[in-house]
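Enquirer: Following is a predicted model, sequence given first.
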Amino acid sequence: MESEPVSNSLPATTASVSVVVPVYRSEASLRPLVERMLAVLQGHPAKFEIILVNDGSPDRCWSLIEDLARANPRIRGINLMRNFGQQNALLCGIRAARFDVTVTLDADLQHPPEEIPKLLSKLAEGFDVVYGVPAEVKHSLFRRLASRLMRVVALQALGIANASQISALRAFRTQLRDAFAEFQGPFASIDVLLTWGTMRFTSVLVRHDARIHGCSSYSLAKLLANCFDVITGFSTLPLRLASWIGFFFTLFGIGILIYVVSLYLIMGYSIPGFPFLASIIAIFAGAQLFALGIIGEYISRMHFRLMDRPTYVVRQTAEYVDTKQTPTCPP
Ligand code: UDP
Ligand code: MG
């Protein structure tokens, strides 16, 4: 889905860019990533910064980020109190961004920083969000299946029209964060939050590299849990499903009642006993428990929400002010 570009476009050459990277178990790839990002960004927009958000990584990522920030004032580090998850870490970085355009990418070098200018040029055509969609995805089979499931969910449950083009490599206008300035709660989804602010999405094809160091931090169970969090956190589709199941079983029950009564009235006998009764009770009890489970899930979400569990908590930051760069968006 491509919506019409508008005329007040942001020329790529003058865009100031904040690149946000959530960092978790990425000690080995962080330095090469930053070097490659600097090589790309130094020749491109007028102003830029790189925000590295350490998501409670158990390895030495934070001290590495501190070293990088000390060596270059365009690199800013944020250290989260514990592991809050990729999306929450991203939200923290997005809120700290100081420039017109925010770019997000993964820390494991699967998203080549050399593709950033491509996204910026597309954004300059007048779009609000540009995804870098891999021409060929270098993930395991499970990971690809889970991503596909996630996209189906995004499409059906959340009404994201171009869900097939969602990716963690994105460029968007920082202004969009105003749409979710008030958002808080333990489960964030950047792609859903972006839809709160705009419909002008598009995508460009980019390269996707295989992971060189370590392996994905997402197991199949974690991916499915994430998927479920997004569905129940941002849509009421499961509740509607429960209503439809209830409606369907009401019709089914009425059908059985008519069948049993007519059998008695016309043929003069009732259906014999236990197997029929047991199966009917089992079917209805299953449907009821299923619907109750869904309702329970939403109640537990409200419970967490009432607890005011935070999206993230910052432990410390590493910033060495760059006097040559004045921010365009105060964080
Ligand atoms: N990540 C994070 N917190 C987590 C897990 C992952 O910030 O709890 C970051 C990680 O540093 C990387 C990105 O999310 O930048 C994607 O993670 P990963 O490469 O493990 O996942 P995949 O490539 O399978 O999507
Ligand atoms: Mg990865």
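Expert: That came through, no problem. Ligands and ions are numbered 1, 2, ... in the order given.

Enquirer: Quick check: Tyr320 touching Gly77?
Expert: No. The pair Tyr320 / Gly77 is not scored as a contact, 9.8 Å apart, by CB atoms under 8 Å. All C-beta atoms are positioned from the backbone trio N, CA, C, and that covers glycine.

Enquirer: Which one's more surrounded, these two?
Expert: Relative neighbour count places Gly77 above the other of Tyr320 and Gly77, with 25 against 13, counting by other CB atoms under 10 Å.

Enquirer: Who is the more buried one paired with across the strands?
Expert: When assigned by DSSP bridges, Gly77 has beta-bridge partners Leu52, Ala318.

Enquirer: For the stretch 51-200 of the chain, just list every one of the helices.
Expert: Residue ranges of the helices in the stretch 51-200 of the chain, as given by DSSP state H, counting those that start in this stretch, are 61-71, 86-96, 116-123, 141-158, 190-195.

Enquirer: burial measure for Tyr312, as a count.
Expert: By other CB under 10 Å, 24 other residues sit near Tyr312.

Enquirer: tell me the contacts of it?
Expert: Leu80, Met81, Phe84, Asn88, Ala89, Leu91, Cys92 (CB atoms under 8 Å, 6 or more residues apart in numbering).

Enquirer: Please convert the buried members of the residues you listed into PyMOL selection syntax.
Expert: Selecting only the buried entries of those in PyMOL, with 16 or more other CB atoms under 10 Å as the criterion:
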select buried, resi 80+84+88+89+91+92
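
Enquirer: And the contacts of Tyr312, which is closest to ligand 2?
Expert: The closest of the contacts of Tyr312 to ligand 2 turns out to be Ala89 (CB to the ion; 13.8 Å).

Enquirer: Tell me which residues touch the closest one, please.
Expert: Neighbour list for Ala89: Pro22, Val23, Tyr24, Val53, Asn54, Asp55, Leu80, Tyr312 [criterion: CB under 8 Å, 6+ apart].

Enquirer: Apart from its chain neighbours, what residue comes closest to Gly253?
Expert: In space, Gly253 comes closest to Phe284 once its chain neighbours are excluded; the distance is 7.2 Å by CB to CB, 6 or more residues apart in numbering.

Enquirer: helices and strands around the helix or strand hosting the one you found, which ones?
Expert: Per DSSP states H and E: Phe284 is located in helix 273-306. With contacts defined as 3 or more CB pairs under 8 Å, 6 or more residues apart in numbering; DSSP states H and E, the packing partners of helix 273-306 are helix 220-234, helix 237-262.

Enquirer: Now with 6 Å, please.
Expert: Helices and strands touching helix 273-306, by 3 or more CB pairs under 6 Å, 6 or more residues apart in numbering; DSSP states H and E, are helix 237-262.

Enquirer: Please state the offset of the helix it packs on from the chain centre?
Expert: 36 Å (CA atoms, centre = their mean, to the nearest Å).

Enquirer: Flag every buried residue along that helix.
Expert: Leu237, Pro238, Ala242, Ile245, Phe249.

Enquirer: cool, stretch 187-197 as well?
Expert: For stretch 187-197, a neighbour-count test (16+ other CB under 10 Å) marks Phe187, Ala188, Ser189, Ile190, Asp191, Val192, Leu193, Leu194, Thr195, Gly197 as buried.

Enquirer: Show which residues not belonging to stretch 17-28 make contact with it.
Expert: Here stretch 17-28 makes contact (CB atoms under 6 Å, 6 or more residues apart in numbering) with 45, 48-55, 57, 59-61, 86, 89-90, 93-94, 97, 99, 101-104, 107-108, 213-214, 217.

Enquirer: Surely Leu91 and Phe187 touch.
Expert: No. With contact taken as CB atoms under 6 Å, Leu91 and Phe187 are classed as non-touching, separated by 10.6 Å.

Enquirer: related to what we said a few turns ago, per-residue confidence for the residue nearest to Gly253?
Expert: According to the predicted model, the pLDDT of Phe284 comes to 89.

Enquirer: what about it, distance to Tyr24?
Expert: Spatial separation of Phe284 from Tyr24 under the definition CB to CB, to the nearest Å is 45 Å.

Enquirer: out of these two, which sits in the more crowded spot?
Expert: Neighbour comparison, Phe284 and Tyr24: the larger count goes to Tyr24, with 22 against 14 (by other CB under 10 Å).
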